[in-house]
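> coords below, sequence missing:
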């Protein structure tokens, strides 16, 4: 892409995201819906003006990292720890149930092969933490007990998704799973999670000390962006590149550093406020790019809407995708409406589901019809939950906040 084309595309993304977000807010919807629709309008689904090229993907990744960093700054770690057991139950059940239901439905009802069925099940396990967190923040619900459960569960969900994706990719190449290679993936991910909290704490303290003696403005934004670039690279290095090229691991793990980094800074609330105020312009600039990118990645033109198979296939798996995430919260006995809210917050698939589907298409595992059906499922589970969550929260706001 030429530089002038990139500038024009970036201009369109930022401007359209802002216009659609304002329209959504004016219609009493959460702004993230407007940003998702901006991507659908600009992308191949409608006008086809912008393709999700690598440069835009990288800016989108910075956007989601910045969003999670801000979430870390606002998170009370004591409340997050209290919800730990419930988060684990929601994450594991929300991972296993869609995977098992999806595999059985694909294999037994639609007669698809084991490998295709495994990839379909894997696609249904994902939860887009970016969309979930943004909707909870727009509703002012992030610090509630449900918000803390969802936050912890979504963090764990991505890690399980990376492990599964690595194993399925290896299975697709060799027809089996090597215990050694699977162990390497687990080891790399474990190493990252052991390193990240300690590194986050040390770097938070270092930035605080340097800030006290800094002679020039802009130290905090510069240091945070430098850390984003460094840990995105480190996550790639620790992401078992011989299996996935570090792509999925880098996407998930580089984000996971910035949550504990934000939490570490949050311990000094006064300094955390300084950091947040200085970074807000950058966060507000990059975060919409991520949500527009999700919309750009959907291509409804590839779908044969006249095919009866598409409707039956996508409808069946849409039901599984929703039920698989909604059933898990029932295990934590958190209260009826509270459980429903947690389940709905775990439904959005977004970019994580797209990674599974795209990898399946690129390796020839998913044919065009199956791939198109999964895109419909991912699109609907990405776009619909923000609407439903907003309506549900407004209806039961008093009970959920009590």
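Perfect, I can see it now. These numbers come from a predicted model, not from an experiment.
> I'd guessed residue 91 sits against residue 160; true?
Yes. Contact criterion C-beta atoms under 8 Å: residue 91 and residue 160 qualify, at 7.0 Å. Just so you know, the C-beta spots here come from the backbone N, C-alpha and C atoms, and that holds for glycine as well.
> how near is the most centrally placed residue in the chain to residue 67?
Nearest residue to the geometric centre of the chain (C-alpha atoms, centre = their mean): residue 128, 2.8 Å. Per C-beta to C-beta, to the nearest Å, residue 128 is found 12 Å from residue 67.
> Pull the contacting residues for the residue nearest to the centre of the chain.
294, 348-353, 382 (C-beta atoms under 8 Å, 6 or more residues apart in numbering).
> what's the closest of these to residue 149?
residue 348 (15.5 Å; C-beta to C-beta).
> for the closest one, helix, strand, or coil?
What DSSP: H, G, I helix; E, B strand; the rest coil gives for residue 348 is coil.
> Model confidence for it, exactly?
As summarised for this prediction, residue 348 has a pLDDT of 86.
> now residue 104
94.
> Now do the SS call for it.
Going by three-state DSSP: residue 104 is helix.
> Could you tell me how many residues sit around it?
13 (other C-beta atoms under 10 Å).
> With the one 3 residues further on instead?
Using other C-beta under 10 Å, residue 107 is surrounded by 17 other residues.
> And residue 48, by the same measure?
11.
> Check residue 216 too.
6.
> And residue 195, by the same measure?
14.
> how about the strands of the stretch 301-402 of the chain, start to end?
Taking DSSP state E, counting those that start in this stretch as the criterion, the stretch 301-402 of the chain contains no strands.
> Where does the prediction get shaky in it?
Across the stretch 301-402 of the chain, the ranges flagged by pLDDT under 70 are 334, 400-402.
> where along it do the helices fall?
Here the stretch 301-402 of the chain has its helices, by DSSP state H, counting those that start in this stretch, at 308-327, 336-345, 350-362, 368-395, 397-401.
> ok, residue 110 touching residue 313?
Yes. Contact criterion C-beta under 8 Å: residue 110 and residue 313 qualify, at 6.8 Å.
> Those two: which has the busier surroundings?
Using other C-beta under 10 Å, the more surrounded residue of residue 110 and residue 313 is residue 313, with 24 against 17.
> wait, what's in contact with the more buried one?
110, 369-370, 373 are the contacts of residue 313 under C-beta under 8 Å, 6+ apart.
> Just the buried ones from those?
In the contacts of residue 313, burial by neighbour count holds for 110, 370, 373, counting by 16 or more other C-beta atoms under 10 Å.
> In contact with the last one, which residues are there?
Contacts were defined as C-beta under 8 Å, 6+ apart; by that measure residue 373 touches 309-310, 313-314, 317.
> mind redoing it with 6 Å?
310, 313-314 (C-beta atoms under 6 Å, 6 or more residues apart in numbering).
> ok, now how distant is residue 108 from residue 383?
Taking C-beta to C-beta, one finds residue 108 at 29 Å from residue 383.
> swap in residue 389?
Distance from residue 389 to residue 383, by C-beta to C-beta: 12 Å.
> Looking at the two, which has the bigger crowd around it?
Between residue 389 and residue 383, counting by other C-beta under 10 Å, residue 389 is the more crowded of the two (23 against 20).
> Quick check: nearest residue in space to that one, chain neighbours excluded?
residue 344 (5.2 Å; C-beta to C-beta, 6 or more residues apart in numbering).
> Which one of the contacts of residue 128 is nearest to residue 225?
Once C-beta to C-beta is applied, the member of the contacts of residue 128 that ends up nearest residue 225 is residue 351, at 21.2 Å.
> neighbours around the closest one, how many?
Applying other C-beta under 10 Å, we find 25 residues neighbouring residue 351.
> can you check the one 4 residues further on too?
Look at residue 355: counted by other C-beta under 10 Å, it has 23 neighbours.
> Kindly report the same for residue 358.
Residue 358: 17 neighbours (other C-beta under 10 Å).
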